[in-house]
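Undergrad: The following block contains a protein sequence and its predicted model.
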Amino acid sequence: MKKRLIALLACAALLFALCAGCASDKPSDNSAPVNNSTPVEQNSGAPEQPDAGNPYVQGVTDDEIIVGNTATTAGAFASVGIPFNAGLNAALKAYNDAGGFHGRSIRLINYNDDFDAANGMTYTQKLVEDDKVFALVGHFGTPTVGATLDYIKDKGVPMVYAATGISPLYQEGATGNDAVVFSVQPIYNAEGRVLLARALASEENGVGLGGTKVGVIATTADDGEGLKAGVQRQAEEVSAEVVYQDVDPSATEYSAAVNVLKNAGCDVVIICANQGPVATVLASMRDANYNAKVITSYVCASAPWLGQRVAEGSITAERPVYSTAWLDAGTEQGLADYMEFAAVQTAWEAQEGIPADQSYALNSYAMAGYVAAKTFLHGLEQLDAMGLELTWENYVKAMENAPVDIPMGGSVDYAGGDRLGVVDLALNTITLEPDADGNYALVTVSPIMSLDDVMAEVK
């Protein structure tokens, strides 16, 4: 069970990262349900902006709090969006069944944007201006998130959990309307900070790679530039020498960059890229007989993909490869969190009439939707803890009041306006021998740790 859950969580991280740069060519529907039996809510009588006679803020009535997203539920990414919303709705049902927020139920409105930026903007505007949602929860995919960030900040509507890791989400010390954005998934810039910390941290207990001189190969694509920016940001806090090489993401070999790092004596290499260029860098290191430890993003945390690199001879005992991970059900707490999720998910499915053999209880994207909902609900819980009324301004204060414990993961701290996404990451590697069925396996080298704790192990 644990091995399968670890693999599923890695797949969730992988697909969210890879689909970030994709776009669907499917035509847009006007709206789409969370599942085939549940119609999408249209403008449902949510109150107008508050005035002298209206005691409530947008999206809040006597009976409910209305939230929304545009997670795609048709076309190429329906296999992600549908279970994502299922996990989100399951968590909201459990919260509502327990009494909700002072008797108010949370209701999700979803529109299908077909993973298209223009559609995403149209439906985000509809949610905010027509449906009058209190918050956007589970804002979905790079096309929509990238197209709507400025609009969201301009309106001041809280946005909780972006299903992408694009650099514009990264903010240190955000203030005013910039602070309404609450990312969870790792953001490239923040993950780059962790990559350098792990590269330099002591090898004791598997915390880091013990590097003394670090080489960085970064593509000039958005992901490469974001990860590199994070490495450079963290380099301000260490004394180690770091050698940088920028490369074309479409190149078929990287021998020149690899030889620069080899000749410089870099004993750890950070690859800031997605899977394609990472595979090419590793092949170039193999061909140059350059043996160094390698660390790269969670987007490469796929056992089949890394196993293929082992089979090609690009990953060896002398050239091991490590990747980060932001969810982990392999720990005692992680497994307990998963069991709670599974119970909540199956309860919602029973109510919706979803057959047991079609359950999302082992679906990694449903887990991600569940995390999105739990993050939003954290803000409501903190509002109560602080004794504040439900307004947009107070919701931001509440989210900053205490770190969010991520189910099956670490935590996210929004204090002081920091909007870094998850920086509590684990460290994985791949087995060098296949099992009896020819499969390679991800192995947890170090559990989820905060960036501060990893940095404490940097000599």
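TA: Received it, and whenever you're ready, just let me know what you need. Residues are numbered from 1 along each chain as shown.

Undergrad: all strands of the chain, in order?
TA: Using DSSP state E, the strands found in the chain span residues 64-69, 105-110, 135-140, 159-163, 181-182, 213-219, 241-247, 268-272, 293-296, 321-325, 404-405, 411-412, 425-430, 442-449.

Undergrad: Name every strand pairing with the fifth one and say which way it goes.
TA: Strand pairing for strand 181-182, determined by DSSP bridges: strand 159-163 (parallel).

Undergrad: sorry, back to before: quick one: which of the strands of the chain is nearest Ala361?
TA: strand 135-140 (18.6 Å; Cβ to Cβ). Glycine gets a C-beta too; all of them are placed from N, C-alpha and C.

Undergrad: Remind me what that closest one packs against, helices and strands.
TA: strand 64-69, helix 78-97, helix 117-125, helix 142-155, strand 159-163, helix 364-386 (3 or more Cβ pairs under 8 Å, 6 or more residues apart in numbering; DSSP states H and E).

Undergrad: one step back: turn the strands of the chain into CSV, columns for mean neighbour count.
TA: CSV is the format used below for the strands of the chain (neighbours: other Cβ atoms under 10 Å):
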stretch, mean neighbour count
strand 64-69, 26
strand 105-110, 23
strand 135-140, 28
strand 159-163, 28
strand 181-182, 26
strand 213-219, 26
strand 241-247, 18
strand 268-272, 29
strand 293-296, 26
strand 321-325, 25
strand 404-405, 20
strand 411-412, 20
strand 425-430, 25
strand 442-449, 20
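
Undergrad: Serialize those strands to TSV and add fields for mean pLDDT and distance to Val396.
TA: Shown next, in TSV, are the strands of the chain (pLDDT from 0 to 100; distance: least, Cβ to Cβ, whole Å):
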stretch	mean pLDDT	distance to Val396
strand 64-69	98	15
strand 105-110	98	18
strand 135-140	96	11
strand 159-163	95	11
strand 181-182	98	9
strand 213-219	98	33
strand 241-247	98	35
strand 268-272	98	31
strand 293-296	98	34
strand 321-325	95	28
strand 404-405	96	13
strand 411-412	94	14
strand 425-430	95	25
strand 442-449	92	26
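
Undergrad: related to what we said a few turns ago, ok, and which of the helices and strands packed on strand 135-140 has the densest surroundings?
TA: Most buried of the helices and strands packed on strand 135-140, by mean neighbour count (mean count of other Cβ atoms under 10 Å): strand 159-163, with a mean of 28.

Undergrad: quick one: contacts of it?
TA: Outside strand 159-163, the residues that touch it by Cβ atoms under 8 Å, 6 or more residues apart in numbering are 16, 71, 84, 135-141, 145, 152, 169, 180-185, 368, 371-372, 375-376, 379, 399.

Undergrad: Taking helix 117-125 as reference, get the angle to that strand.
TA: Angle of strand 159-163 versus helix 117-125, following axes from the mean of the first three to the mean of the last three Cα atoms, to 10 degrees, is 160 degrees.

Undergrad: one step back: can the strands of the chain go into TSV with extra columns for distance to Asn119?
TA: As requested, the strands of the chain are exported to TSV (distance: least, Cβ to Cβ, whole Å):
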stretch	distance to Asn119
strand 64-69	13
strand 105-110	13
strand 135-140	11
strand 159-163	16
strand 181-182	20
strand 213-219	28
strand 241-247	34
strand 268-272	31
strand 293-296	33
strand 321-325	32
strand 404-405	30
strand 411-412	29
strand 425-430	32
strand 442-449	35
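
Undergrad: Mind putting the helices and strands packed on strand 135-140 into JSON lines with distance to Ala441?
TA: Below are those laid out as JSON lines (distance: least, Cβ to Cβ, whole Å):
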{"stretch": "strand 64-69", "distance to Ala441": "34"}
{"stretch": "helix 78-97", "distance to Ala441": "24"}
{"stretch": "helix 117-125", "distance to Ala441": "37"}
{"stretch": "helix 142-155", "distance to Ala441": "30"}
{"stretch": "strand 159-163", "distance to Ala441": "27"}
{"stretch": "helix 364-386", "distance to Ala441": "17"}
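
Undergrad: Pro355 is nearest to which of the ones you listed?
TA: It is, among the helices and strands packed on strand 135-140 and with distance given as Cβ to Cβ, helix 78-97, at 13.4 Å.

Undergrad: between the closest one and helix 364-386, how many degrees?
TA: Interaxial angle, helix 78-97 versus helix 364-386 (the same axes, to 10 degrees): 30 degrees.

Undergrad: Output the contacting helices and strands for helix 78-97.
TA: Going by 3+ Cβ pairs under 8 Å, 6+ apart, helix 78-97 lies up against strand 105-110, strand 135-140, helix 332-352, helix 364-386.
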